[in-house]
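Student: Can you look at this prediction? I've put the sequence above it.
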Amino acid sequence: MRSLWAILLLLTAACQPEARRMLVVDYALDAGYSVEYRRFYPHLTRADLGRYRTVLVLGGREPQAATAALTIGDVAILNEWIRRDGVVVLAYADGGNDRWVMNQWLAAQGAGITIGGEPGAGGPGEAQLIDATPLPHSALDNAGVTPFPAGHNRPLRVRDRNQMLARAGSGALVAASRVHDGLIVVTSRELLGATHAASETRDFLVALARWTRRPAEWASVGEAVHPAPLRLAVQPPLRRLAVHAPPLLPPRDAGPSVLPQPLPSRDSVAVTPPSWIARQGMRVLWSRFTLAALDSLLGFVEAAALNTLATTIPSVAIVDTLSTRNLWKITADRLQATTVRWFPAVSLATFPIMEERRSGTSALPAPGPADEVNLHGDLVPIPCGLDSAYWRNGLRPVYRILARLGGPRPAPDVIAGMALDLDSAMTLYGGSGFCDSDYRVGLTALGLDREELDRLLTLPPPERYDTLLERGWLGKYFAALENSVAERAIALRAEVRRLKPDLRFAFHASETPTDWFSLGLLRGFSSPDAPVLLWFREADNPRVLLRRFQARGIYALSALRLQLTRTSLAPSEVGHLRAAAFSAETGFWLEGATTDSLGRAIRRFIK
């Protein structure tokens, strides 16, 4: 599971400028830091005070999504950290819980910095996508003055202008405050994650990291005044802080990993793209399906010289009835008159669950799958990922129906594959994995003796996550869940391809998947001779992403998301886009408006 709030621990060491592959590398290693990352124990310990000088705290998404969160013990360690000449970097996220705690802690320190958009504070409810400008002649005087992409940010309210290190308009986006002999820096996770957008962003963050190592240059930063008692009486909808006493050391099996982690060997397995991708690359339109809009979609595909149409199918239409058979036959006949490959798509978050057919008139309906359970022990509105009823009555029949759309023998080049939209489901599964079926599978893989296994199996859901966390078992636990999903997906893939041997599988997502369920699906549905197709809105460096995916058994081809806001492109822009789409990636995909002028611009870009 990806920790949706995590702590990256930074330790002063030798400069390693050759490593520039991850945000935390660009932010720290270029600036004279070595970096340690503790993924499966996202809390501070007393030993951290003596081992590290700088801590970067990444806020989570509570209450919008279930994530680990700051605890009272973490706050106590931060209080000591800042009194020991340490540097604390707070990077808020979209979740209100940690952002509220950060604001309370900043107020208690007298830092004079407040993160906007706090629940009940009357600030803006949503972060805005904006560019940032380093402040000339600020304390960070070597960061230049060139605006840089900063992602989605909320404004920071500061007491003194000399606390601002970067701004948007008149508001601060990066601010600092001296507390005792230590330093507090406040920014957003989005800004730290925007280094792929432009070199100016990376340059600013490298300058900021170097600056945190030079206390002599902090003198012009505003000093904390008027500290106050820390008040942590959280009101709904925020979740109450856990009373978690900081341990002396992290659990034995949950120690930190040193970043940057080395990339897998370049001796990767060659994947075999289908012939139509090898010749033309992926040229994909992602849209919703309606029979009335099909002709206009196909007209745009032809005007833009695309070769693939992916349409999300409403869950109510994924049933095997006479009317839906006629609907899909009409669709397949219309598509057969074109050269377009069709990928019918469904959303994993709204997957329909079919009633299990049973013989006999008196048989009761089979029960549906149980709900998933998150790390707090709360039910989540998505089926338990390893419940056999979910696979038997959900995933299996839906994939079989999609393979047969258009009749029992559709034209071989019409339905080229199926697409799965992972959005929303990724967030729900990312903070979950503790329903009874998941828990049994994960515990069994830990290799415990029978007595210990039986005892842990009796734990109620609210105690399962904390027990695994404190024993350092979360890494092995989530690896077991991912492996189990992959095994089931391999079996489902083989069954579906028996119906249609050349079928391909595609996945659509806003972000790179990191949850155990999505990664298990990607592994199970991919192979070197039939790689999955990736259509991600925001992806990492494609070559790095594909190498890391392949190292964990995911064989894939990636397409660049094409975003055109204008219908005319300069020759230099055309060359840049073409190189990005057909050199770094295996093509492109787009969604949204389908105007004739946009179609003509895309056709010119392809040529």
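Tutor: In hand now; what should we look at? Numbering: from 1, shown residues only.
Student: use CA for all of it now, contacts and neighbours both
Tutor: OK.
Student: Model confidence score at Pro408, please.
Tutor: On the pLDDT scale, Pro408 is placed at 56.
Student: any idea how far Asn79 lies from Trp105?
Tutor: 9 Å (C-alpha to C-alpha, to the nearest Å).
Student: let me fix that: Val496
Tutor: For Val496, the distance to Trp105 - C-alpha to C-alpha - is 54 Å.
Student: Those two: who's more crowded?
Tutor: More neighbours surround Trp105 than the other of Val496 and Trp105, with 22 against 19 (other C-alpha atoms under 10 Å).
Student: Tell me who's in contact with the closest residue to that one other than its chain neighbours.
Tutor: Distance criterion C-alpha to C-alpha, 6 or more residues apart in numbering; nearest residue to Trp105, sequence neighbours excluded, is Leu230 at 6.4 Å. The neighbours of Leu230, taking C-alpha atoms under 8 Å, 6 or more residues apart in numbering as the test, are 104-105, 107-108.
Student: now do Arg552
Tutor: Counting by C-alpha under 8 Å, 6+ apart, Arg552 touches Arg523.
Student: phi, psi of the nearest residue to Pro134 once chain neighbours are set aside?
Tutor: Once flanking residues are discounted, Pro134 sits nearest to Ala166: 4.1 Å by C-alpha to C-alpha, 6+ apart. Phi and psi for Ala166, reported as degrees, to the nearest 10, are phi -150, psi 150.
Student: swap in Ala132?
Tutor: Per degrees, to the nearest 10, the backbone of Ala132 is at phi -110, psi 160.
Student: That one pairs with what?
Tutor: Beta-bridge partners for Ala132, by DSSP bridges, are Phe148.
Student: Name the residues of the helix or strand in which Leu129 is found that come out as buried.
Tutor: Here Leu129 sits within strand 128-134, counting by DSSP states H and E. Residues 130-134 are the ones in strand 128-134 that count as buried (16 or more other C-alpha atoms under 10 Å).
Student: and that strand, C-alpha only, in PDB?
Tutor: Presented in PDB, the C-alpha positions along strand 128-134 are these (Å, rounded to 0.1, in the frame of the first residue of the first chain):
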ATOM      1  CA  GLN A 128      -6.000  26.200  -7.400                       C
ATOM      2  CA  LEU A 129      -3.700  25.200 -10.300                       C
ATOM      3  CA  ILE A 130      -1.200  28.100 -10.400                       C
ATOM      4  CA  ASP A 131       2.400  29.000 -11.200                       C
ATOM      5  CA  ALA A 132       4.800  30.200  -8.500                       C
ATOM      6  CA  THR A 133       7.300  33.000  -8.600                       C
ATOM      7  CA  PRO A 134      10.400  33.000  -6.300                       C
END
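Student: before we move on, the earlier item: gap between the residue nearest to Trp105 and Ala425?
Tutor: 36 Å.
Student: residue boundaries of the helices in the stretch 451-600 of the chain?
Tutor: In the stretch 451-600 of the chain, the segments counted as helices under DSSP state H, counting those that start in this stretch are 461-471, 474-499, 516-525, 542-551, 571-579, 596-606.
Student: Could you say which of the ones you listed is packed most deeply?
Tutor: Most buried of these by mean neighbour count (mean count of other C-alpha atoms under 10 Å) is helix 516-525; its value is a mean of 25.
Student: What angle do helix 474-499 and it make with each other?
Tutor: Relative orientation of helix 516-525 and helix 474-499, computed by axes from the mean of the first three to the mean of the last three C-alpha atoms, to 10 degrees: 40 degrees.
Student: for Leu70, helix, strand, or coil?
Tutor: Taking DSSP: H, G, I helix; E, B strand; the rest coil as the rule, one finds Leu70 in the coil state.
Student: which one is Leu248 nearest to, not counting chain neighbours?
Tutor: Arg46 (4.8 Å).
Student: ah, wrong one, I meant Gly182
Tutor: Once flanking residues are discounted, Gly182 sits nearest to Asp85: 4.1 Å by C-alpha to C-alpha, 6+ apart.
Student: Tell me the secondary structure of the one you found, please.
Tutor: Classified using three-state DSSP, Asp85 is coil.
Student: Do I have it right that it meets Asp181?
Tutor: Yes. At 4.8 Å, Asp85 counts as touching Asp181 under the criterion of C-alpha atoms under 8 Å.
Student: the more surrounded of those two?
Tutor: Higher neighbour count among Asp85 and Asp181: Asp85, with 17 against 14, using other C-alpha under 10 Å.
Student: separation between the more buried one and Ile277?
Tutor: On the measure of C-alpha to C-alpha, Asp85 and Ile277 end up 57 Å apart.
Student: And the strands in the stretch 101-250 of the chain?
Tutor: Secondary structure of the stretch 101-250 of the chain (DSSP state E, counting those that start in this stretch): strands at 113-115, 128-134, 148-153, 156-158, 164-168, 171-179, 182-188.
Student: And these: which comes nearest Gly575?
Tutor: Ranking the strands of the stretch 101-250 of the chain by proximity to Gly575 (C-alpha to C-alpha) places strand 148-153 first, at 22.3 Å.
Student: Against which helices or strands is that closest one packed?
Tutor: Applying 3 or more C-alpha pairs under 8 Å, 6 or more residues apart in numbering; DSSP states H and E, one finds that strand 148-153 contacts strand 128-134, helix 189-192, helix 199-212.
Student: Reformat those as a markdown table; add distance to Val75.
Tutor: Listed next are the helices and strands packed on strand 148-153 as a markdown table, based on distance: least, C-alpha to C-alpha, whole Å:
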| stretch | distance to Val75 |
| --- | --- |
| strand 128-134 | 28 |
| helix 189-192 | 19 |
| helix 199-212 | 21 |
